[in-house]
Every structure is written in structure tokens, then in C-alpha cells.
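# no sequence for this one, just the structure:
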């Protein structure tokens, strides 16, 4: 492989830049330009979507804490509940995506089991509304 590269470089230096080299260079430059343009457009789109998502989260938080209808600041518990709800928005999008895919439910279970095995506490992808809650059942008589 190194011999081939050396041979091509030696040939280029001996014969100079040919029309074939120029065409290759133009083709490569055009592909690189299109790639950079596409990447730039994608980054602009991501920035716009992130801005929209932040605004949506703010509206959700504002609604969850009833900020328009009150004068006092939200309590720590209200803020915790609102943040938990915001986390569920992200979890829900991952959850739905995984559930749609073949084997997705097993993957979710596997991820949670791996996280517990490696000592990652409070790790869950499953939104709170889909998790089983401990029920306060009356004692048997």
C-alpha cells in the first residue's frame, strides 16, 4: 500500500498535474462544498428546533406551575414535579421510538437491567405514567 502511494506521488511529481488530477480535484472540492453546505443547513435546523423546544418546555413549565395565575413563586416540590414532567417528555419520545421498533420493549428492559447491574441509580427510560406504582393496599384481615 505504501509502495503504491509512493509510486503515485513519484508519478505526480515526475509528470506534473494532469487534466485528470484537476477534474478529480474539482469533483472532490464540489463534494466537500455540498457536504459543508448540508452540514451548515442541518446545524441551522437543529438550532431552530432546539429554540422551539426550549420555548415549548417553558410554556409547559409555565402551565404546570400556573405562573400566569399567581403572585407567589412556586414551591420546591412544585419545581421538582415540573422538572420530573419535563424529563418525562424526553423519556416519552425515546420510549415511543423504542416501542415501535422490533424488539424495542426488550431493549428498554435490557437497558434498565444493565443500568441497575452497573449501579446507575434512578435510571429509567420509561415515562412515569407507564411505570407501576406501589399501591397502598389494605392489610388482610
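Looks like it arrived, so ask away. If you're wondering where the values come from, they're calculated on a predicted model, not measured in any experiment.

# going forward, measure contacts between C-alpha atoms and count neighbours the same way
Will do.

# and the next helix or strand past the helix or strand of the chain with the lowest mean pLDDT?
The helix or strand of the chain with the lowest confidence, counting by mean pLDDT, DSSP states H and E, is helix 76-100 at a mean of 77. As assigned by DSSP states H and E, the chain's next helix or strand after helix 76-100 is helix 104-117.

# what residues does that next one touch?
95, 98-99, 121, 123-126 (C-alpha atoms under 8 Å, 6 or more residues apart in numbering).

# coming back round to it: now for the least confident helix or strand of the chain, which elements pack on it?
helix 19-64, helix 104-117 (3 or more C-alpha pairs under 8 Å, 6 or more residues apart in numbering; DSSP states H and E).

# please repeat the previous calculation with a cut-off of 7 Å.
Secondary-structure packing of helix 76-100 (3 or more C-alpha pairs under 7 Å, 6 or more residues apart in numbering; DSSP states H and E): helix 104-117.

# got the angle for the helix it packs on vs helix 76-100?
Counting by axes from the mean of the first three to the mean of the last three C-alpha atoms, to 10 degrees, helix 104-117 points 130 degrees away from the direction of helix 76-100.
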